[in-house]
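A.B. asks: kindly generate the corresponding structure for this input.
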Amino acid sequence: MADLMKTKNRHGFKVKSVVEQVIKPGYTLQKEIVDDTDFGGDGAMEMESCYSLYSGLYMGSPKMAKFLCEKMGIREIQPRTSNSNICSIGFNEAEQKWYGWSHRAICGFGIGDKIFNRKYGDENTKWNKRGKVTIRNLSEAKQAAKSFAKYVS
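C.D. replies: Prediction:
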């Protein structure tokens with residue numbers, strides 16, 4: 001499990017302290033006091049941030065984290081690339097699908113779907129059927145989720 005006290009949150013604010021931390025299925029919700037002086041504040045702004053229990057990285061708003069983890073059952077939430085500091089892919093064990101998302105869209109990919117390629121299909125083609133290559137294993141499903149998350153980001 002990742003360290004839950006962040007030095008900086010996703011918005012670039014230095015986290016001064018964690019007021020409250022609630023562990024939820026797949027994520028932690030933190031109320032943080034952040035230093036907002038670089039942004040014209042008084043240096044002690046309170047904000048809520050959600051972080052993946054799997055990777056420790058920023059997931060989004062409490063509403064987004066609740067949707068991903070509690071409604072969709074997604075875990076192993078992680079960034080799309082090693083250079084990213086925002087989570088945009090995760091795995092649903094029960095469905096055996098890797099999901100990719102942004103604030104604009106979400107789609108799950110499993111064995112039998114296509115490795116996402118936006119060039120295939122039209123406006124009537126489901127996202128997980130847009131591609132040339134059929135997914136044969138979960139590693140390929142994860143790659144499809146990464147490709148989709150990049151496309152919708």
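A.B. asks: which one in the protein is furthest away from the centre?
C.D. replies: In the chain, D42 marks the outermost C-alpha relative to the chain mean, sitting 30.4 Å out by CA atoms, centre = their mean.
A.B. asks: these two touch, right, it and V34?
C.D. replies: No: D42 is beyond contact range of V34, at 11.1 Å (criterion: CB atoms under 8 Å). Yep, even glycine has a C-beta here, placed from its N, CA and C like the rest.
A.B. asks: kindly export stretch 125-142 (C-alpha atoms) in CSV.
C.D. replies: Taking C-alpha atoms only, stretch 125-142 is exported to CSV below (Å, rounded to 0.1, in the frame of the first residue of the first chain):
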residue,chain,number,x,y,z
THR,A,125,-19.0,1.3,-33.0
LYS,A,126,-18.5,0.5,-29.3
TRP,A,127,-15.2,1.7,-27.9
ASN,A,128,-14.1,-1.8,-27.0
LYS,A,129,-14.7,-3.0,-30.6
ARG,A,130,-12.6,-0.2,-32.2
GLY,A,131,-9.4,-1.9,-33.3
LYS,A,132,-7.9,-4.4,-35.6
VAL,A,133,-6.3,-6.8,-33.1
THR,A,134,-8.5,-9.0,-30.8
ILE,A,135,-7.4,-9.1,-27.2
ARG,A,136,-6.1,-12.5,-26.2
ASN,A,137,-4.9,-11.9,-22.6
LEU,A,138,-5.2,-9.4,-19.8
SER,A,139,-1.8,-7.8,-20.7
GLU,A,140,-3.3,-6.8,-24.0
ALA,A,141,-6.5,-5.7,-22.3
LYS,A,142,-4.4,-3.4,-20.1
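A.B. asks: buried residues, that stretch. List them.
C.D. replies: Buried residues in stretch 125-142, defined by neighbour count with 16 or more other CB atoms under 10 Å: 127-128, 130-131, 135, 140-142.
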